[in-house]
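>>> Provide a 3D model corresponding to the input given below.
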Amino acid sequence: MKFDGAVVIGAGPAGLWAAESLGLAGVTVWIFDHKPSLGRKFLVAGRGGLNITHSEELDQFASRYDNPKRWVTMLQQFPPERLKAWYEELGVPTYVGTSGRVFPRTARAPEILERWLERLYELGCDIRLGYKFHQLSISGRSLEVVFQKGQEYSPVNASAVVFGLGGASWPQTGSDGRWTQQFADMGIRINPFSPSNVGWEYNWSPQFLSVAEGKPLKNLAVTCSGQRVRGELLITRYGLEGGALYQLGRRLKLDSSIEIDFKPDLTDEELQKRWRSGLSLQDAAAKYWRLSSAAIALIDEAMKPTDFNSLLAAVRRCNLRLNNPRPIDEAISSAGGIDWDELDDYLMLRRFPGVFCAGEMIDWDAPTGGYLLQGCYATGKIAGEGAVKWIAQGAEA
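Numbers count the residues shown, from 1 in each chain. You can find the predicted model right below:
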């Protein structure tokens, strides 16, 4: 197969956005994905409500990423306001939740994906499913990508290639990280994948689990290595899940000790004023401090308070040393992937001119809360526009 245009490999949010950027510039685009359907991780992410971005100011937004200085520059090229406007263009109005997160007002992920694909088809994009990336070769400005479909191998020639192959989390969606060996064989430095936005293990007693398993812990503040965040946790049979842990992910990898404040909106003096004697510690904590049964059980499990003062200290500073993160195939996202030094400002591989990368296959990390999708969209846009520029330069030569 030969054509003067671009090949996009991987039909997740990053790849689809790169394809749209190319299509808007009038470039012929072929999109390949090795799964029988596309947008799988996008659809999984939207099952509980599609959190598309966050409403924070740009500097604060960029601080959520592993390299804020880099991400300020990248987000300036595709800020959250532009993403919200794009959803409006799709006919999907958005709203800002009480947490500052941004959601579609009515449409769910399958409908949004359908509208997006209609937009790509209108731009002339050709989508081929069941094609797995096998090999890449380059000669001057000529690129050849070989795909495997069943037992057959198909070479495709293009003027530019954008890879959006994903990280190593949720392999059932297609993001299995198996492309890393092929890129390593091409001489590209790949940093090992590790789980991000993932639960952590803790050895609960059977008695605790009988009371608290599956129950949420809300309106908390959690501290790790000096960083304090607000959020929620979920008690699981193996440990803890939840947004508060996800925000602390990079620090937890260095020190897995956390401190939970169950009443971050009240001072010690206010808690003392609300207290009345005459009940057991547990009953009084539930009645006067409105602690849930799961919170009380966790405090008893971890701190074993015996009087008012030790209970107050435990409510404020409930200490847990977590054991290990859960496996990467349970993680919402992954850190690791193509080292940034392998890429230029347009996310083009320095060793392979005309070949660009986007999304979670690059080594970056961010918590949930809209930052992951925003990062995929932004890198897809930058890579797509870089490919447009590369093709235009070739046409002028």
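
>>> Give me the spatial nearest neighbour of residue 23, chain neighbours excluded.
Of all residues not flanking residue 23 in the chain, residue 123 sits nearest, at 3.1 Å (CB to CB, 6 or more residues apart in numbering). Yep, even glycine has a C-beta here, placed from its N, CA and C like the rest.

>>> Would you enumerate the residues in contact with that neighbour?
19-20, 23-24, 29 (CB atoms under 8 Å, 6 or more residues apart in numbering).

>>> Buried subset of these as a PyMOL selection?
Listed next is the PyMOL selection for buried residues among these, using 16 or more other CB atoms under 10 Å:
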select buried, resi 19+20+23+29
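
>>> Return the closest of the contacts of residue 123 with respect to residue 58.
Among the contacts of residue 123, residue 20 lies closest to residue 58 (CB to CB), at 22.6 Å.

>>> can you map out the strands along the stretch 101-250 of the chain?
101-104, 126-129, 132-139, 142-149, 152-158, 160-163, 190-196, 200-201, 216-224, 227-235, 239-241 (DSSP state E, counting those that start in this stretch).

>>> Could you identify which of those is most buried?
strand 160-163 (a mean of 28; mean count of other CB atoms under 10 Å).

>>> related to what we said a few turns ago, now distance to residue 357 too, for the strands of the stretch 101-250 of the chain, in TSV please.
Shown next, in TSV, are these (distance: least, CB to CB, whole Å):
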stretch	distance to residue 357
strand 101-104	26
strand 126-129	20
strand 132-139	12
strand 142-149	14
strand 152-158	15
strand 160-163	5
strand 190-196	11
strand 200-201	30
strand 216-224	31
strand 227-235	30
strand 239-241	30
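
>>> could those strands be laid out in CSV, adding mean pLDDT?
Below are those laid out as CSV (pLDDT from 0 to 100):
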stretch, mean pLDDT
strand 101-104, 95
strand 126-129, 95
strand 132-139, 90
strand 142-149, 92
strand 152-158, 93
strand 160-163, 97
strand 190-196, 95
strand 200-201, 98
strand 216-224, 97
strand 227-235, 96
strand 239-241, 97
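
>>> related to what we said a few turns ago, among the contacts of residue 123, which are in helices?
Applying DSSP state H to the contacts of residue 123, the entries found in helices are 19-20, 23-24.

>>> Check the burial of residue 189 by counting its neighbours.
For residue 189, the neighbour count with other CB atoms under 10 Å is 13.

>>> how is the chain carved up into domains?
Domain assignment of the chain by automatic domain parsing yields the ranges 6-195+331-396, 200-321.

>>> Out of those, indicate the one that is most buried.
Highest mean neighbour count of those: domain 6-195+331-396, a mean of 19 (counted as mean count of other CB under 10 Å).

>>> Determine how far that one lies from the middle of the whole chain.
What separates the centre of domain 6-195+331-396 from the centre of its chain is 12 Å, taken as CA atoms, centre = their mean, to the nearest Å.
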